[in-house]
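In: kindly generate the corresponding structure for this input.
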Amino acid sequence: MVESIFNPLPCIHHYLEKWAGNMPHGQAVIQHEEKRLLTYEQFNELVDLYVLRLVEMGLCKGDRVAGVSLHSITYLALQFACFKTGVIVCPLDIKLKTSETISAIEMITPRVLFLLDDRSSEETRALIEMAQRKCSSLEHFVQFRLSENETLFPEAEDGNKLFDVSALEELRKNDSLVDACKIRYEGITTEDPALIIFTTGTTSGAPKPAVLQHQCVIAQMEITELSKNQKGQELRMMCSLPDSHVGGTTIQPYSAIYSGGTAILVHRFNPRVVLEAISQWRATWFGAVPMMFRMMWCQPDYDQFDLSSLRCVYYAGSTVNVDFLEELSTMAEMFGTSLGMTETAGFATISPFPVTPEELAGQVGMVTSIANITIREPMAADGSAGEELPIGELGEICYHPPLVFLGYFGMPEETAKAISQEGILYSGDIGCFENKGSYNALYIKGRKKFMVKQKGYNVFPDEVAAFISQMSEVKDVHVVGATHRFFDEGVVAFVKKEDDTNLSEQEVLDYCKGIASYKRPQHVVLLVAGEEFPVNRVGKIDLIRLTEQANCLVEQLRNNGGWDASCC
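Out: Okay, here's the model as predicted:
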């Protein structure tokens, strides 16, 4: 176990204020595409101005706001402004289709929707119009335009004008508004909710909105700091993960600010853009899912980028082999992995240092003194935690406070399934500890549910199957994952069509363009007439056998130049 002296400040935004006071001219955040840089003093000042607008809009403690945004200084400032007002911010995935975004909004009932992305005018209009019809909680649609040529829709408020610095300076003259901001600020505690991130981690079914409190996020940020062994302005963190995930919020930009470092933002992950940003801004820490690393390594001129500033690189989200770790080790002296989940706000373990690729292979790091991790028997029927198991025995991986979220928004029954009466979080992952001499390494041996890990995302098979089943020609459908050399896992859909109907594999693939790209199957299998899905002894679909069938099929496709055979 890694020991740490942990005396946290109460709230996330207190760390921004700390560095704005102690190190006002230190670099806080950089927007790579715009070559824009703000110091801690400047960024904190911008956040305080945004607070005025949020309070002027009538937002109060506990209200929710949702955002569909590219990574940007504006959106990061909005998030910290929400923290300072007690408003709960929920970043939504920009890759979601309109109907998926609406479903998420309906679950969390926000009062404001911020739009700061680069979707087409048609898509923006469709989202706003559908939200107006279906999302009664929404009072404000705030649209930020990325260029002067972008259309501002009449149903939306102009974010560029609302949050223009000169306009916000005028609000400072309103003494009653300033007093209202102070009252909201003073009422925020470390146990208050700060962030909602839709999880794709613990159970099958649709993603759930996990509510993260300040205390939980701060504990995660301390663990992240231990992983990188860098503090203050020596830390220059490359931030390229989507902010709809903990990787793009708590693990990267928030943690950079926690440590007094610099957050280097890119609008969205692009392998060349990230390589350019690392080189130009001399990033010292970079973390990503394995597929992102592979995309960078596959660039034909990868060796021409100057990555010598990197001191630490981390991967997470999928298992990797020794070959991957050997390549990773060439990027920086420190390399490693971490286990965590949305419900822990991100990192829960860190890797030992120094470590060889062979030693690191298969493990997901070690525990720190910030929050304990145990292996336990299943939760009892009364909601109490199962017995803790000794080192070497398999059980469910469980997390302890302060690394435990508040619960799923509006879903008390689902929360009770995840958090025991003692406040212990059950992860759904099966694993064990193994004694490595100087530390105990944590290993994941399998997932409790049949979730698919594709492109760094968790994909729910039931959700994909439910979407495909909406096709009138489909009688039944089941979805499983299969190994993929580039995506870690790919999605295979087994479809049984209605009798006397014509349906092709390509038609199913085309139909799946209606969901987010990372959820789409790479291959579709149409069952022939009379063929049935495999079932177990009680008549339920045998997903283990179906997964075995998928992997056998994939091997055939690979041998014939399909599936992942053409990936570099």
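In: find the centremost residue of this structure, please.
Out: With distances taken as CA atoms, centre = their mean, residue 245 lies nearest the centre of the chain, 1.7 Å away.
In: from what I can see that one touches residue 345, true?
Out: No. The criterion here is CB atoms under 8 Å, and residue 245 misses it with residue 345 at 11.1 Å. All C-beta atoms are positioned from the backbone trio N, CA, C, and that covers glycine.
In: anything in contact with each of those two?
Out: Listed as contacting both residue 245 and residue 345 by CB atoms under 8 Å, 6 or more residues apart in numbering is no residue at all.
In: quick one: low-confidence parts of the stretch 101-250 of the chain?
Out: Residues of the stretch 101-250 of the chain meeting the criterion pLDDT under 70: 200-205.
In: which parts of it are helices?
Out: Applying DSSP state H, counting those that start in this stretch to the stretch 101-250 of the chain gives helices spanning 121-134, 159-162, 165-171, 175-186, 214-228.
In: how long is stretch 352-363 from one end to the other?
Out: 11 Å (CA to CA, to the nearest Å).
In: go on, stretch 231-246?
Out: End-to-end distance (CA to CA), stretch 231-246: 20 Å.
In: about what we covered before: phi first, then psi, for the residue nearest to the centre of the chain.
Out: phi -120, psi 160 (degrees, to the nearest 10).
In: was I right to think residue 82 contacts residue 65?
Out: Yes. With contact defined as CB under 8 Å, residue 82 and residue 65 form a contacting pair (6.2 Å).
In: can you list the buried residues in the helix or strand containing residue 51?
Out: Counting by DSSP states H and E, the element that carries residue 51 is helix 40-56. Buried residues in helix 40-56, defined by neighbour count with 16 or more other CB atoms under 10 Å: 40-55.
In: gap between stretch 380-390 and the chain center?
Out: 29 Å (CA atoms, centre = their mean, to the nearest Å).
In: end to end on it, go ahead and measure it.
Out: 19 Å.
In: what's the mean pLDDT across that stretch?
Out: Across stretch 380-390, pLDDT averages out at 97.
In: likewise stretch 439-452?
Out: 80.
In: identify the residues contacting that stretch?
Out: Contacts for stretch 439-452 (CB under 8 Å, 6+ apart): 1, 200-204, 319, 339, 349, 352, 362-367, 373, 391, 394, 396-397, 428-434, 458-461, 479-481, 489-491, 543, 547.
In: could the helices of the stretch 101-250 of the chain be laid out in a markdown table, adding distance to residue 269 and mean neighbour count?
Out: As requested, the helices of the stretch 101-250 of the chain are exported to a markdown table (distance: least, CB to CB, whole Å; neighbours: other CB atoms under 10 Å):
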| stretch | distance to residue 269 | mean neighbour count |
| --- | --- | --- |
| helix 121-134 | 20 | 15 |
| helix 159-162 | 24 | 16 |
| helix 165-171 | 29 | 12 |
| helix 175-186 | 34 | 14 |
| helix 214-228 | 19 | 25 |
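In: tell me which of those helices sits nearest to residue 466.
Out: Taking CB to CB, helix 121-134 is the member of the helices of the stretch 101-250 of the chain nearest to residue 466, at 18.9 Å.
In: then stretch 262-269 to CSV, C-alphas only?
Out: Extracted in CSV, the C-alpha atoms of stretch 262-269 (Å, rounded to 0.1, in the frame of the first residue of the first chain):
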residue,chain,number,x,y,z
THR,A,262,-1.3,22.8,-16.4
ALA,A,263,-4.2,21.2,-18.2
ILE,A,264,-3.6,21.0,-21.9
LEU,A,265,-6.9,20.6,-23.7
VAL,A,266,-7.8,19.4,-27.2
HIS,A,267,-11.4,19.6,-28.4
ARG,A,268,-11.6,15.9,-29.0
PHE,A,269,-9.1,13.0,-29.3
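In: gap between the two ends of stretch 292-306?
Out: Using CA to CA, the end-to-end distance of stretch 292-306 comes to 18 Å.
In: who's in contact with it?
Out: With contacts defined as CB under 8 Å, 6+ apart, stretch 292-306 is touched by 240, 269, 271-272, 274-276, 278-279, 315, 324, 327-328, 456, 486, 568.
In: and the two most separated of those?
Out: Maximum pairwise distance among these (CB to CB): 24.2 Å, between 279 and 486.
In: okay, buried residues for stretch 263-276 please.
Out: Here stretch 263-276 shows 263-269, 271, 274-275 as buried, counting by 16+ other CB under 10 Å.
In: which SS class is the residue sitting furthest away from the middle of the chain?
Out: Going by CA atoms, centre = their mean, the residue of the chain most distant from its centre is residue 500, 43.2 Å out. With DSSP: H, G, I helix; E, B strand; the rest coil as the basis, residue 500 sits in coil.
In: just residue 24 next, same as before
Out: coil.
In: residues in contact with residue 459?
Out: 200, 451-453, 481, 491, 518-519.
In: on that earlier part again, got the phi and psi for the residue farthest from the centre of the chain?
Out: Here is the backbone geometry of residue 500 (degrees, to the nearest 10): phi 60, psi 30.
In: picking up where we left off before, quick one, which of the contacts of residue 459 are buried?
Out: Counted by 16+ other CB under 10 Å, these give 200, 451-453, 481, 491, 518-519 as buried.
In: can you tell me which of those residues end up in strands?
Out: Among those, the ones falling in strands (DSSP state E) are 452-453, 481, 491.
In: residues touching stretch 119-133, excluding its own?
Out: 68, 94, 98-99, 101-102, 105, 113, 115, 138, 141, 143, 150-151, 153, 155-156.
In: rerun that using 7 Å as the cut-off
Out: Contact partners of stretch 119-133, identified using CB atoms under 7 Å, 6 or more residues apart in numbering, comprise 98, 101-102, 105, 113, 115, 138, 141, 151, 153, 155-156.
In: may I have that stretch exported as CSV, CA atoms only?
Out: Output of stretch 119-133 as CSV, limited to C-alpha atoms (Å, rounded to 0.1, in the frame of the first residue of the first chain):
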residue,chain,number,x,y,z
ARG,A,119,-22.4,19.1,-34.8
SER,A,120,-24.2,20.1,-38.0
SER,A,121,-26.9,22.8,-38.0
GLU,A,122,-29.5,20.1,-38.7
GLU,A,123,-28.4,18.0,-35.8
THR,A,124,-28.5,21.0,-33.4
ARG,A,125,-31.9,22.0,-34.6
ALA,A,126,-33.2,18.5,-34.1
LEU,A,127,-31.8,18.3,-30.6
ILE,A,128,-33.2,21.7,-29.5
GLU,A,129,-36.6,21.0,-31.0
MET,A,130,-36.9,17.5,-29.5
ALA,A,131,-35.7,18.8,-26.1
GLN,A,132,-38.4,21.5,-26.2
ARG,A,133,-41.1,18.9,-26.8
